[in-house]
Each structure stands twice: as structure tokens, then as C-alpha cells.
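Student: sequence below, structure please.
(one chain, ligands or ions: 1)
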Amino acid sequence: MSGGLTMDRESPLSGLDATLEQSIGHVNLHYRAGDGVAAAKLLEVLGLIKTEEMPLPNGTMFFRFTTNRHDLDRGDGIVYLGQLPDALAGVYAAVHARLGLGTADEHPSVAALRAAQARDPEHNFHTGFLMNTLEQIEARMAELKRLEQTNPAFQERLQFLVNRAMPGNAAFDARLDASPLYRGITRYTFGRNGVQAFVATDLFVSGPLGEGLVFELDYVLPGERQHILSRTELTR
Ligand SMILES: [Fe+2]
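Tutor: A predicted model of the protein is given here:
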């Protein structure tokens, strides 16, 4: 990389950059009316810790979750979850009406977006969590599949997809062959030494149509400098 503010000695930021420590602090997500409890449960199955569950004056629930199991009050690793505000819901309704969603006159861009999303769950805005073991991903995806099959709040609300590591590491390849989640999978990550698991759900509202959100669980092999989250490779 070259250029940019960090290379500009005249910039008032040049001295500050050297001392900056920064992390991704939080994301703010929305559920539709009636879906709050299920949306919150899904985040917990993905591994997040619920630290707040607060009724708001308008009668909706607001939640705070953290990835920091051992430091719940930290200012990063946070997911906030609230009900879709009326103003946003109004825009989505207008977008749906103007694009003719679900009608014979549906704008062709909608089908194109759906096809692109079906090919690649990372096509649109999505949220990824890095997990410390492959077993965590296997167990949590299995639990989500169980909920999808047995719990009415989740039935037909979750879709699953995984990307297996590019072949090349014999031990890792053998581990994935033995995995109920990755055995026989021929979709591959954009890179090596890692795997991805996706759950797409309309329990959350995001994207240009407000129809759903994709969550991603990632695992990378410890000790490998180059992996799916360190360098993107055009593997397909
Ligand atoms: Fe991603």
C-alpha cells in the first residue's frame, strides 16, 4: 500500500497514527416486530453473550451482546439489536412497492440481486465472527439446524452454506473430510488455511431490500500467517 494520509507528513494525523490502537467497536442490527426473541436467541447460538435486554418506552426490546466473554463491559466486540425503526420500515415498504416486489412487474434488478446472493453469501453486507476452534463452528451450526427443524420460530427462517478450505494441507484436509459440516463440500474459500460457515436469515433486516442478513463464522488454522482472513486470493 502507498499514499494516503499515513504517508502525508503534512497531515495533522501523521503523529497520531503511530500511537493509534483501534478495533471494530460495534454493529447495530434490527429485527422486525415479533422476531426479537428469536433474533436474540440466534446471536446467542452464534456465541455472543447477552448483557442487556431492555424494554424501551415504545414497547420494543433493545439488546446488547458482546463477544468478550471474559470482559463483558469492554467497548468493542459489541452487537446491539433493536426493532426496525418505523422510518426505516417505511423506506423499505416504499422500495418494495416501487420495485414491484413479488409482482409480475418486479424490477429485473431484484432477480439479479437474488441470483448473485445465492451464488455468494458474501455478496452483500454481512457480519462475520472469528471462532477459536473448528468444533465451535460445527456445534453451533448443528444447533442452528436443529432449531430450524424443530422450533417454529426458526422454521424456514434459516438457510445454511459453507465454504471449505482450499485443499493442500493434508492434516486439515483429513480433519474436514471427517467433519459432518465440511465432508464432501466442493465450495471453497477465497484463500487458504481457513473455513467459513454461513447462516442467512430473515430474522434480521438489512441490505437494500431489507430482507435479511448473513452471519458468517470463521476459523483459521493457528500458526499460519497466510489464511482466509489475512489475504484474499482469487480461487474461483
Ligand atoms: Fe465475509
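Student: who in this protein is up against the ion?
Tutor: Within the chain, the positions near the ion by C-beta under 5 Å from the ion are 122, 128, 216. Bear in mind the C-beta positions are built from the backbone N, C-alpha and C, glycine included.
Student: these in helices, which ones?
Tutor: Using DSSP state H, no member of these sits in helices.
Student: mind checking which of those are buried?
Tutor: Among the residues of the chain next to the ion, those scoring as buried are E216 (criterion: 16 or more other C-beta atoms under 10 Å).
Student: tabulate the residues of the chain next to the ion (JSON lines), appending pLDDT.
Tutor: Formatted as JSON lines, the residues of the chain next to the ion follow (pLDDT from 0 to 100):
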{"residue": "E122", "pLDDT": "94"}
{"residue": "G128", "pLDDT": "97"}
{"residue": "E216", "pLDDT": "98"}
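Student: pick the one among the residues of the chain next to the ion closest to P208.
Tutor: Proximity of the residues of the chain next to the ion to P208 (C-beta to C-beta) peaks at E122, which lies at 15.6 Å.
Student: now the residue lying closest to R164 once chain neighbours are set aside: which helix or strand?
Tutor: Spatial nearest neighbour of R164, chain neighbours left out: I185 (4.3 Å); criterion: C-beta to C-beta, 6 or more residues apart in numbering. Assigned by DSSP states H and E, I185 falls within no helix or strand.
Student: when you give positions from now on, start the count at 28
Tutor: Understood, numbering begins at 28; the last thing we discussed is I212.
Student: residues near I212, how many?
Tutor: I212: 16 surrounding residues under other C-beta atoms under 10 Å.
Student: and the next helix or strand past the longest helix seen in the chain?
Tutor: Scanning the chain for the helix with the most residues, using DSSP H, yields helix 161-177. With elements assigned by DSSP H and E, the helix or strand that comes after helix 161-177 is strand 185-190.
Student: what comes up buried for that next one?
Tutor: 185, 188-190.
Student: tell me which of the residues you listed is nearest to the ion?
Tutor: N190 (9.5 Å; C-beta to the ion).
Student: how about the contacts made by the residue of the chain found nearest the ion?
Tutor: Of all residues in the chain, E149 sits closest to the ion, at 4.2 Å by C-beta to the ion. Each residue near E149 by C-beta atoms under 8 Å, 6 or more residues apart in numbering is listed here: 225, 241, 243.
Student: what are the phi and psi values for the first one?
Tutor: It stands for F225. Main-chain dihedrals, F225, degrees, to the nearest 10: phi -120, psi 140.
Student: and stretch 77-89, end to end?
Tutor: 11 Å (C-alpha to C-alpha, to the nearest Å).
Student: buried sites along that stretch?
Tutor: 77, 88.
Student: go on, stretch 197-205?
Tutor: Quick answer for stretch 197-205 (16+ other C-beta under 10 Å): 199, 203.
Student: stretch 234-251 too?
Tutor: Of all the residues in stretch 234-251, those buried under the rule 16+ other C-beta under 10 Å are 234, 236-248.
Student: among the residues you listed, which lie within strands?
Tutor: 240-247 (DSSP state E).
Student: which one of these is nearest G86?
Tutor: The shortest approach to G86 among these belongs to L240, at 23.3 Å (C-beta to C-beta).
Student: these two touch, right, the closest one and N55?
Tutor: No - L240 lies out of contact with N55 (C-beta atoms under 8 Å); the separation is 11.9 Å.
Student: immediately after the helix or strand of the chain with the lowest mean pLDDT, which helix or strand?
Tutor: Sorting the helices and strands of the chain by mean pLDDT, DSSP states H and E puts helix 41-44 at the bottom, at a mean of 86. As assigned by DSSP H and E, the chain's next helix or strand after helix 41-44 is strand 53-58.
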